[in-house]
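Provided below for reference: sequence and predicted model.
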Amino acid sequence: MLIRFGYVANALNLYDSSPSKTMTFSRYQKLPEQERQDQLERITRTNLENTIRALHYNIAHQIPLYRLSSSIVPLATHDEVDFDYISPFSKEYESIGQLVNEHGLRVSFHPNQFTLFTSDRPHVTENAVKDMEYHYRLFEAMGLHKQGYINIHIGGAYGDKKKTLARFHENLKRLPKTIKQQMTLENDDKTYTTTETLEVCEKENIPMMFDYHHYFANHTEEEDLSELMPRIFQTWEGREHPPKLHISSPKSEKEMRSHAEFIDLEFIKGFLKQLKELGQDVDVMIEAKQKDRSLLKIVEEIAGIRGVKRVSGGSVNI
């Protein structure tokens, strides 16, 4: 059974390499009109170049998974900002797509918590659609729109989960089918449990992005992972890639929902054992604060477990 690992956006082992450099709307407004465009173009190009640097780093370290930054383009979906963030950067987008395809990498996006389809306010849904379209357009420019996934959470409960979930299904109809086909849903650490998220995924035919830390922080006594995992894997049937999961560790007992700097091997050992019993190849995104450093450390630690063999910089066989 093969487990491949990845990390989120910023390779900390690289110098000054953030792909999420940005500019506030307040700062944008204070600039002369021509300078506004120049600044947006400069920041976007820097973010794309740093994305390319991270991909080369991943290739060198045999790290097969990578979450692209959602902040590649500053103010991309702001109503009062008109900026062509595709045409001027075709070369950079093409380079990203080539690197991903030539080296068999798997990339994804994870929009922020405000991209949700549960609100009863129409403009919130409109903004969610706009944000999903933005991410999809980036994938299109990279030539990765049929293989890259855009992961979101269901959202808030608004005092009535049943009503809110019905609204989620209704609001989701606003999303173009091509984009919906590339979306995934993740269980969260506070509101929607693994079971509730899974039921939505099964109804909408959306792959589920299972998060083990969130399950640990937010589950009911009735939820049995050994029963849920096969159903979660089933939502990925017919897809190009194996099921994808998220792991992180609690920062402390008091801050159970916060992510720690690194992954605690003891915290995930039971989960690894369960994956082994299921025998399903999986891809795992590490959401620890130390990003690539955490990945390299935990892969080495997992490789030290009896019966585990490290097969590359970012992959193990169990």
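Everything's here; your move. Numbers count the residues shown, from 1 in each chain.

So for Gly97, what's the pLDDT?
Looking at Gly97, its pLDDT is 98.

for it, helix, strand, or coil?
Here Gly97 is recorded as helix under DSSP: H, G, I helix; E, B strand; the rest coil.

if I pick it, what's in contact with it?
142-144 (Cβ atoms under 8 Å, 6 or more residues apart in numbering). From N, CA and C alone the C-beta is placed, and that goes for glycine too.

Okay, it and Leu68: tell me how far apart.
11 Å (Cβ to Cβ, to the nearest Å).

Would you state the strands of the chain in chain order?
Listed in chain order, the strands of the chain (DSSP state E) span 2-8, 65-67, 106-109, 149-153, 183-186, 208-211, 244-247, 282-286, 309-312, 315-317.

residues in contact with the fourth one?
Meaning strand 149-153. For strand 149-153, the external contacting residues (Cβ under 8 Å, 6+ apart) are 108-111, 113, 115-116, 132, 135-136, 139, 179, 182-186, 188, 192, 207, 209, 244.

rerun at 6 Å
Defining contact as Cβ atoms under 6 Å, 6 or more residues apart in numbering, one finds that strand 149-153 is touched by 108-111, 115, 135, 182-184, 186, 188, 209.

Closest to the centroid, which residue in the protein?
His110 (3.7 Å; Cα atoms, centre = their mean).

just the strands of the chain: most buried one?
Ranked by mean neighbour count, those are led by strand 208-211 with a mean of 26 (mean count of other Cβ atoms under 10 Å).

so how far is that one off the chain centroid?
Between the centre of strand 208-211 and the centre of its chain there are 10 Å (Cα atoms, centre = their mean, to the nearest Å).

Remind me what it packs against, helices and strands.
Counting contacts by 3 or more Cβ pairs under 6 Å, 6 or more residues apart in numbering; DSSP states H and E, strand 208-211 packs against strand 183-186, strand 244-247.

quick check: mean pLDDT across the last one?
Read that as strand 244-247. Here strand 244-247 scores 98 as its mean pLDDT.

Show me what that strand is packed against.
Using 3+ Cβ pairs under 6 Å, 6+ apart: strand 244-247 touches strand 208-211, strand 282-286.

how about the residue nearest to the centre of the chain, what does it touch?
His110 neighbours (Cβ under 6 Å, 6+ apart): 67, 151.

do you know how far it is from Phe5?
If you measure His110 against Phe5 using Cβ to Cβ, the figure is 16 Å.

repeat for Glu266
Noted for Glu266: a distance of 18 Å to Phe5, by Cβ to Cβ.

and what of Ile154?
26 Å.

Ok, His153 next?
Using Cβ to Cβ, His153 is found at 22 Å from Phe5.

Same question for Arg310.
Using Cβ to Cβ, we find Arg310 at a distance of 11 Å from Phe5.

cool, Glu126 as well?
As defined by Cβ to Cβ, Glu126 lies at a distance of 36 Å from Phe5.

cool, Asp188 as well?
Distance from Asp188 to Phe5, by Cβ to Cβ: 22 Å.

His56 now?
Taking Cβ to Cβ, one finds His56 at 18 Å from Phe5.
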